[in-house]
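Participant: Predicted model and sequence follow; I will ask about them next.
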Amino acid sequence: MIDTSALLDLCRAQGLKLGTAESCTGGMVGAWLTEVPGSSDVFDRGFITYSNAAKQDMLGVQKATLDTYGAVSEQVAAEMAVGALARSQADITVSITGIAGPGGSEHKPEGRVCFGLAHGDIIHVETQEFGALGRDKVRAAAAKHALMLLTQGAEARSVQA
């Protein structure tokens, strides 16, 4: 498990604010961050955008991107992270969109999760294949991975400063 207190302390020391844009995790990352007393000085906000309409309305994800690549894609993850950054006071945002299961398809199997990380002019995207672990375990693995990405983003910001 990622030490959320350490992540919050790192951001606090640098004066950084965090934001999240979550789909398949339904707010788990934000919930884990806010379990730590005093997290409100670092965690700005979280967007829970489970539906495609929410991704478009709340984060500005383009309909054409959704139609072309599907919700579970690095392209959508990038637009989610950038949208969260633009629509918040956060300095670093992470996005999560994936197939927690049960089920999936040949082209987008259960356990595939796409992530976006945005800070400054940097946008990083990646896909993780967690496998058919079951819905709860895929969601937990995705949330842990997102916290790791936020930590990496905060560490990268400290190197740039």
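Facilitator: Alright, I've got the coordinates. Numbers count the residues shown, from 1 in each chain.

Participant: Kindly provide the distance from the residue lying closest to residue 41 once chain neighbours are set aside to residue 40.
Facilitator: For residue 41, ignoring the flanking residues on the chain, the nearest one in space by CB to CB, 6 or more residues apart in numbering is residue 12 at 6.4 Å. Using the backbone N, CA and C atoms, a C-beta is placed for each residue, glycine as well. Computed as CB to CB, to the nearest Å, the residue 12 to residue 40 distance reads 11 Å.

Participant: Could you do residue 16 as well?
Facilitator: 14 Å.

Participant: Could you check which of the two has the larger neighbour count?
Facilitator: Neighbours per residue (other CB atoms under 10 Å) separate residue 16 from residue 40, with residue 16 holding more: 22 against 10.

Participant: Confirm the more buried one sits in a helix?
Facilitator: No - assessed with DSSP: H, G, I helix; E, B strand; the rest coil, residue 16 is coil; it does not lie in a helix.

Participant: which residue packs closest to it, ignoring adjacent ones?
Facilitator: residue 91 (4.5 Å).

Participant: That neighbour and residue 43 touch, don't they?
Facilitator: No - judged on CB atoms under 8 Å, residue 91 makes no contact with residue 43 at a distance of 11.6 Å.
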